[in-house]
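S.K.: how would this look folded up:
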Amino acid sequence: MFNDQWRGSVTNRRRGSATSRSRRFARLPARCLLGAVPLFGAVGVLLPLAATSGPAGATAPPVPTGYTLAAANGGTYAFGAAPNAGNALGISRAPIVGAASTATGQGYWLVGADGGVFTVGKALYLGGLGGTSINAPIVAIVANAYGTGYYLVGADGGVFTFGQNVPYWGSLGGQSLSAPIVGMSLTGDGQGYYLVGADGAVYAFGDAQFAGSIPQKFDGPSPEGNATGIAANPVGPGYLISTTEGAIYSFGGAPFYGSPLLSGFTPNAPIIGLSYAPDGTGYWAVGADGGVFAYNQTKTVNKVLVSDGSAGFFGSVPGEVSSAGLSAPSPVVGFAAAL
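M.R.: Prediction:
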């Protein structure tokens, strides 16, 4: 049996101080390369859900205008309207493992495996774990919808909160897990979160509703590789789980628009995670080589099926470096959207 559901409060591992400082650096800009890969989670993948004003005073989720990919060596790649704000090259004492965008998309946080947090652009430093003793490496950073706080999650399921409006709903610290935790995702209202293990086991906290897991679906591990990320449906129930070989599984009615595996496209590098667009009409999956795959809902216009989602494709690392005659020096580990 797989322990694929956990709810409730366990040992509180909240910490609010750290030795990592806010740093800002120049970085290599990246051009927008349209059409380099088919229409397309990561460890550490997050897209804020802040709303913008809509017609008649209504609110609507913002439409992403670009994204930044973060590499393990601290390098970053910006595409579309993502800010060319900086990186953590040569600064982090440990490999970078994740990135998270601010509410406006005009900055982002990078986190190292040791819990050190680095700010870029308009992101504010709110604390980290650099220089402190932790029981397991950090694997992801997830920001709240307001840009006022973020979560760090460890491979052992420990959850750490920093800043304001970052409610703690429990963790798996001290528990026996069937596999290391590889990803985290907030529910649409920010009042809960999911953790996912490398075996696809799902753990729900707060108002997050458990809707199934890979071990339940296959009565064992996925035939398409280990789980690498989880993305909660931002506008309703359910979630998606990505795997290394490009499979994306939907649970609980989460909108599914496709995957590299179903499209017959074999990624050149393992998929590291995925992220929904704020309105749930599309999502991205990201490869360790910086390949970006955008998948969207569709509609028919003049008898032609066209994309009608907001997960735009703005470029990829393979397209960027190959056009410059270069090669990516370090695996991509994180994704942050610009709004």
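
S.K.: Helix or strand: which one has the closest residue to T281 other than its chain neighbours?
M.R.: With C-beta to C-beta, 6 or more residues apart in numbering as the measure, G309 is the residue that lies nearest to T281, at 3.7 Å, once sequence neighbours are left out. From N, CA and C alone the C-beta is placed, and that goes for glycine too. According to DSSP states H and E, G309 maps onto no helix or strand at all.

S.K.: Need the pLDDT of the residue of the chain most remote from its centre.
M.R.: The C-alpha centroid of the chain is most remote from N302, which lies 35.6 Å away (C-alpha atoms, centre = their mean). Predicted confidence (pLDDT) for N302: 92.

S.K.: what about N165, distance to T119?
M.R.: Distance from N165 to T119, counting by C-beta to C-beta, to the nearest Å: 18 Å.

S.K.: Between these two, which is the more surrounded one?
M.R.: Shown here are N165 and T119; by other C-beta atoms under 10 Å, T119 has more neighbours (23 against 12).

S.K.: quick one: the more buried one and G107 touch, right?
M.R.: Yes - counting by C-beta atoms under 8 Å, T119 touches G107, with 6.9 Å between them.

S.K.: Quick one: the strands in the stretch 201-339 of the chain, in order.
M.R.: 202-206, 227-232, 239-243, 248-251, 271-276, 282-287, 292-296, 298-301, 304-307, 332-338 (DSSP state E, counting those that start in this stretch).

S.K.: Setting the sequence-adjacent residues aside, check what's closest to L129.
M.R.: In space, L129 is closest to G115, 2.5 Å off (C-beta to C-beta, 6+ apart).

S.K.: scratch that, G66
M.R.: Per C-beta to C-beta, 6+ apart, closest to G66 is G80, 2.5 Å.

S.K.: Isn't the residue nearest to T281 up against W284?
M.R.: No - counting by C-beta under 8 Å, G309 stays clear of W284, with 10.5 Å between them.

S.K.: Look up phi and psi at the residue nearest to L129.
M.R.: Reported as degrees, to the nearest 10, the phi and psi values for G115 are phi 90, psi 0.

S.K.: Test my guess that it contacts S133.
M.R.: No - G115 is beyond contact range of S133, at 9.9 Å (criterion: C-beta under 8 Å).

S.K.: which one of those two has more residues nearby?
M.R.: G115 (27 against 7).

S.K.: what about the more buried one, distance to A155?
M.R.: For G115, the distance to A155 - C-beta to C-beta - is 12 Å.

S.K.: pLDDT value on P61, please?
M.R.: Confidence score, pLDDT, at P61: 84.

S.K.: swap in E320?
M.R.: The model's pLDDT for E320 equals 81.

S.K.: wait, it sits on Y77?
M.R.: Yes - contact criterion C-beta under 8 Å: E320 and Y77 qualify, at 6.4 Å.

S.K.: first to last residue in stretch 302-313, what's the distance?
M.R.: Length of stretch 302-313, first residue to last, C-alpha to C-alpha, to the nearest Å: 23 Å.

S.K.: distance between that stretch and the chain's centre?
M.R.: 23 Å (C-alpha atoms, centre = their mean, to the nearest Å).

S.K.: Then stretch 161-172?
M.R.: On C-alpha atoms, centre = their mean, the centre of stretch 161-172 falls 17 Å from the chain's centre.

S.K.: same question, stretch 330-339
M.R.: 8 Å.

S.K.: Same question for stretch 137-149.
M.R.: The chain centroid and the centroid of stretch 137-149 are separated by 10 Å under C-alpha atoms, centre = their mean.

S.K.: looking at it, G206 is touching W169, isn't it?
M.R.: Yes - contact criterion C-beta under 8 Å: G206 and W169 qualify, at 3.5 Å.

S.K.: Give me the common contacts of the two.
M.R.: Residues touching both G206 and W169 (C-beta atoms under 8 Å, 6 or more residues apart in numbering): 191-193.

S.K.: Inside helices: which ones of these?
M.R.: Counted as lying in helices by DSSP state H, out of those, is not a single one.

S.K.: Can you list which of the residues you listed are found in strands?
M.R.: Taking DSSP state E as the definition of strands, those contribute 192-193.

S.K.: Now tabulate the shared contacts of G206 and W169 in CSV and tack on distance to P62 and pLDDT.
M.R.: As requested, these are exported to CSV (distance: C-beta to C-beta, whole Å; pLDDT from 0 to 100):
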residue, distance to P62, pLDDT
Q191, 20, 97
G192, 22, 98
Y193, 21, 98
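
S.K.: quick one: pLDDT of the residue nearest to A254 when sequence neighbours are not counted?
M.R.: Once flanking residues are discounted, A254 sits nearest to G238: 3.2 Å by C-beta to C-beta, 6+ apart. Listed pLDDT for G238 reads 98.

S.K.: So G238 versus G188, what's the distance?
M.R.: 10 Å.

S.K.: shared neighbours of those two, which are they?
M.R.: A232.

S.K.: Which residues are in contact with G280?
M.R.: 233-236, 255.

S.K.: If we use 6 Å, what do you get?
M.R.: 233-235, 255 (C-beta atoms under 6 Å, 6 or more residues apart in numbering).

S.K.: Done for today, thanks.
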